[in-house]
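Novice: Generate a structure from the sequence data that follows.
(chains A and B)
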Amino acid sequence: MTRVVEVPTHFDDRTFDQFARSYGAPGEGRVLFDAHATQWASPYGLVGLLVAGQAVAEGGAERPLLTVPTERDVAHYWGRAGFFAHAKELFEIHGKVPRVAPAHSSDVLLEITPVRGSGDVHGVVEAIQERSAAILSGELGLETSATMGFAMALSEACQNIVEHAGTSGWVAVQTYTWRRRLGRRVVVIAVVDAGIGFRRSLEATQLGRFGDRWGDASALEAALFQGASRFRDPGRGQGLSGITRYLNRWSGKVSVRSGTARIAIVPPWDDDVPLAEGLPPFPGSQVLMIIPAPQAT
Amino acid sequence: MTPMQRIDLKAILQRTVSGLYGDLVTRPTGQAVRGGVEEVLARIDGEQVAVIDFTTVRCLDFSCADEIVGKLLVQHGRVRFFLLAGVSESHREAIESVLERHGLAVVAWDREGRLQLLGPLDDLFRRAFSVLSRRGTAGVAEIAEDLAIPMEAAHDALESLLARRLVQFHADRYAVPAP
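Specialist: Below you'll find the model as predicted:
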């Protein structure tokens, strides 16, 4: 029997929980990820879809199926963003896969890139510095120092996968003009993995501190606001709090979803909630960072 | 003047990790580079100021800052003078975060040639250091006079800075380490 997981028509961080609900718990039968009606997907949606496929594969189930968006432009964008290059390793793909090579353009700052080890993190940092400097300082009008902080934040988010997930993950970076939502250019960064999640990663060092309160939400809170780490080394655990400080300085947003909870630093321009609990469970962790162009004065 | 040993971090990065890399990112990279720095330290006189040079480093993340600055100071900072050189604004952010975490301080030259004390420190210590860096060298009396504080307070501040290897002491005068 085939179980259908619907990919939302408009697939981004705002519809991710809908996708997670449809993804559900591992069960019997083959999984079909149905994206045929998808009209748009953000980097967060695309890497989230890869993670879902990866989690099915790593769970030992039969290779999942994936239907390609029927809308030509949508499928082409997914191709340019590097989605199909990785999806073909994880899914049995049905539908017409466009023959476009993954390539960075003025919008795709970093095509979907796997993060498996520290060498990949070096590659990501190298690539993003080359490609993002002009966009961040030119188009977004951020100070030059923002570019380096951007690379630093990206490095820490990717290392989180290498050091804590227990499996590999994905990163993608793109710029948009959010006309309706914000009226400004933004850079959107998505870093996701299909690993053990924050609760399990931190359990050995943090469970005693939290007792009955321990769960996905308290694990995220400990990591983001208290610099908690699964290592007992006092120098560990600075990455996520460093990311938070960086995003705060540039009026950016960071949200981290893991298990059944999501925690966010919400800037004034966004209407997300700081903490969401009781969400549909989803494997690993999903980090979203959004940096907007400064408001014109 | 105390002799100095310049340690180019990018050269160490390329020797110990990869000739292709230009950024100090990831913890394994930081551990390898710290190992390379410690090899150099083992070869030089303990009285020499070790100048850790960031000039050619582009990106420094928190993990590398912790390995290269934090752990180096934790392990060697009580017995050796360190000076960070070529520190950019973004390097500084990562370094300050690490120093705060470990309760450490270090002397740094930024890319405009300004001498700075990085890390959490008492305001009086900072002011004493500032006077000292402006004068080059000074005795307790000069610091007390410039800061309008009692001699004993000036003496305590300078000795605290000396104990943390943030200033040097020669011939009854205190001095900031300078490249």
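Novice: Which parts of the stretch 151-297 of chain A are strands?
Specialist: Remark: strands assigned in the stretch 151-297 of chain A by DSSP state E, counting those that start in this stretch are A:169-178, A:184-193, A:253-259, A:261-265, A:275-276, A:282-292.
Novice: Equivalent analysis for chain B, please.
Specialist: Ranges of strands in chain B, per DSSP state E, are B:4-8, B:49-53, B:82-87, B:106-110, B:115-118, B:137-138, B:168-170, B:173-175.
Novice: For chain A, which residues are neighbours of chain B?
Specialist: A:118, A:121-122, A:125-126, A:129, A:145, A:148-149, A:151-152, A:155-156, A:159, A:162-163, A:227, A:234-236, A:238-239, A:241-242, A:245-246 (C-beta under 8 Å from any C-beta of the partner chain). In short, each C-beta sits where N, CA and C put it, glycine included.
Novice: Out of these, which sit inside helices?
Specialist: Of those, the ones assigned to helices by DSSP state H are A:118, A:121-122, A:125-126, A:129, A:145, A:148-149, A:151-152, A:155-156, A:159, A:239, A:241-242, A:245-246.
Novice: per-domain residue ranges of chain A.
Specialist: Listed domain ranges for chain A are A:1-103, A:104-297 (source: automatic domain parsing).
Novice: average model confidence for the shortest one?
Specialist: Translated: domain A:1-103. For domain A:1-103, the mean pLDDT works out to 92.
Novice: returning to that earlier point: want to try a markdown table for the strands of chain B, with mean pLDDT, mean neighbour count and distance to chain A as columns?
Specialist: Listed next are those as a markdown table, based on pLDDT from 0 to 100; neighbours: other C-beta atoms under 10 Å in any protein chain shown; distance: least, C-beta to the nearest C-beta, whole Å:
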| stretch | mean pLDDT | mean neighbour count | distance to chain A |
| --- | --- | --- | --- |
| strand B:4-8 | 90 | 17 | 19 |
| strand B:49-53 | 94 | 22 | 17 |
| strand B:82-87 | 95 | 22 | 12 |
| strand B:106-110 | 93 | 23 | 12 |
| strand B:115-118 | 93 | 20 | 15 |
| strand B:137-138 | 92 | 20 | 34 |
| strand B:168-170 | 90 | 14 | 27 |
| strand B:173-175 | 94 | 20 | 30 |
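Novice: Got a quick ChimeraX command for the buried subset of the residues of chain A next to chain B?
Specialist: Burial among the residues of chain A next to chain B is assessed by 16 or more other C-beta atoms under 10 Å in any protein chain shown; the matching ChimeraX selection reads:
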select /A:118,121,122,125,126,129,148,149,151,152,155,156,159,162,163,227,235,236,238,239,241,242,246
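Novice: how about the nearest residue to the residue in chain B sticking out farthest from the centre, chain neighbours excluded?
Specialist: Note on chain B: the largest C-alpha distance from the chain mean falls to residue B:150, namely 27.9 Å (C-alpha atoms, centre = their mean). Setting aside the residues directly before and after it, residue B:150 is nearest to residue B:144 in space (C-beta to C-beta, 6 or more residues apart in numbering or on different chains), at 6.5 Å.
Novice: residues contacting the one you found?
Specialist: Residues near residue B:144 by C-beta atoms under 8 Å, 6 or more residues apart in numbering or on different chains: B:150, B:151, B:153, B:154, B:155.
Novice: I'd like to know how many residues surround residue 28.
Specialist: Assuming you mean chain A. A count of neighbours around residue A:28, defined by other C-beta atoms under 10 Å in any protein chain shown, yields 7.
Novice: you looked at the wrong chain, it should be chain B
Specialist: A count of neighbours around residue B:28, defined by other C-beta under 10 Å, yields 18.
Novice: my guess is it meets residue A:118, correct?
Specialist: Yes - counting by C-beta atoms under 8 Å, residue B:28 does reach residue A:118; the two are 4.9 Å apart.
Novice: Any residues of chain B in contact with chain A? List them.
Specialist: So far as C-beta under 8 Å from any C-beta goes, chain B lies against chain A at B:18, B:21-23, B:25-29, B:58-63, B:66-67, B:70-71, B:88-90, B:93-94, B:97-98, B:101-102.
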